[in-house]
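>>> missing the sequence, but the structure's below:
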């Protein structure tokens, strides 16, 4: 029997999303030990798994593995970025399509348990589509993906997206920028960074430059501010594989208005998992012997602890 480290079995927990995967993965890892234990204990003989049942456990573990990874990508971070939502849905839908193809393969027709799993996969698709439909109207999902410098419009170019999705989400994001940020005058900008001069500046600098003025005006888009359009400039740049927040922090002078839109988008959390985690961690502060702590004291302790944890991570990097 292969050497195994001492670990306990994992019990499935309905409120812990990847617990089914964790349970199966742990069981498969301990397969030799479980078989040896049930074989040597007569009272557990009826609990022994057959070779086919172990095969089923491994198949189900592999089936759930992508979902486990997607869950960890969203949950095991202090900043579950809203920009991760669409790529995560893309991975999950593609994985369900791949599994469906495997289960419908005639070569697996002798595996009756595979046929039994297929309806469950169909139900998974239906449920996933129901959740995905909720991302249709909150524009923040599409906008945040486009404002991610490593994605921009690339995800919408995939074959799995409906025709016209790229134009739909691009125009939607552009309109959000125009409506809420482009015309704002309360944002300090560096005019030296602008690639276009205002119509007023052209006229004031040279009253005789009517020809130049008419040329510029004839090329101006209708119903749009004559100032530099940061969104169009951003979309025209190559994608950058750079951390999102770092990108917008370093490019705030180039995109003073668009960076404000990015800040508003990325302030939206993709999940409430981190908030739930904060509530769980608060129990470590307010122990039975410390129930008299004031709420502000608990807040200060948790804030300091979180800051210390982040500082330690930065030092390790």
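Arrived safely, thanks for sending. Quantities reported herein were computed from a predicted structural model and do not represent experimental measurements. Numbering: from 1, shown residues only.
>>> what's near enough to touch residue 230?
Residues in contact with residue 230, defined by C-beta atoms under 8 Å, 6 or more residues apart in numbering, are 177, 182, 254, 255, 256, 257, 258. C-beta here means a position set from N, CA and C on the backbone, and glycine is covered the same way.
>>> which SS class is residue 13?
coil (DSSP: H, G, I helix; E, B strand; the rest coil).
>>> got a pLDDT number for it?
You'll see residue 13 listed with a pLDDT of 75.
>>> just the one 5 residues further on next, same as before
In the predicted model, residue 18 carries a pLDDT score of 83.
>>> what's around the nearest residue to residue 16 once chain neighbours are set aside, how many residues?
Of all residues not flanking residue 16 in the chain, residue 22 sits nearest, at 8.0 Å (C-beta to C-beta, 6 or more residues apart in numbering). Look at residue 22: counted by other C-beta atoms under 10 Å, it has 19 neighbours.
>>> got it, and the one 3 residues further on?
Residue 25: 19 surrounding residues under other C-beta under 10 Å.
>>> could you point out which element follows the helix or strand containing it?
Assigned by DSSP states H and E, residue 25 belongs to helix 19-29. If you walk from helix 19-29 toward the C-terminus, the next helix or strand you reach (DSSP H and E) is helix 31-40.
>>> may I see the buried residues of that next one?
31, 33, 34, 38 (16 or more other C-beta atoms under 10 Å).
>>> so what touches the helix holding residue 25?
4, 7, 9-13, 16, 34, 54, 57-58, 60-61, 64-65, 67-68.
>>> let's see 10 Å
2, 4-5, 7-14, 16, 18, 33-34, 49, 54, 56-69, 71 (C-beta atoms under 10 Å, 6 or more residues apart in numbering).
>>> list buried residues within those residues.
Buried among the contacts of helix 19-29 by 16+ other C-beta under 10 Å: 10, 18, 33-34, 56-57, 59-61, 63-64, 66-68, 71.
>>> from those, which land in helices?
Among the buried ones among the contacts of helix 19-29, DSSP state H puts 33-34, 56-57, 59-61, 63-64, 66-68, 71 in helices.
>>> dump those to CSV, plus distance to residue 129 and pLDDT.
Formatted as CSV, those follow (distance: C-beta to C-beta, whole Å; pLDDT from 0 to 100):
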residue, distance to residue 129, pLDDT
33, 40, 86
34, 37, 88
56, 27, 87
57, 28, 90
59, 24, 88
60, 22, 89
61, 25, 91
63, 18, 87
64, 19, 90
66, 17, 88
67, 15, 87
68, 21, 89
71, 18, 83
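>>> low pLDDT regions in this structure?
In the predicted model of the chain, residues 1-4, 15, 76-80, 108-111, 188-227, 272-281, 283, 289-291, 313-317 satisfy pLDDT under 70.
>>> contacting residues around the most centrally placed residue in it?
In the chain, the centroid-proximal residue (C-alpha atoms, centre = their mean) is residue 84; its distance is 1.8 Å. Neighbouring residues of residue 84 by C-beta under 10 Å, 6+ apart: 70, 73, 74, 77, 144, 145, 148, 151, 270, 271.
>>> just the ones in strands from those, please.
Cross-referencing the contacts of residue 84 against strands under DSSP state E gives no overlap.
>>> generate a ChimeraX selection restricted to the buried entries among the residues you listed.
In ChimeraX syntax, the buried subset of these is picked out as below (16+ other C-beta under 10 Å):
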select :70,73,74,144,145,148,151,270
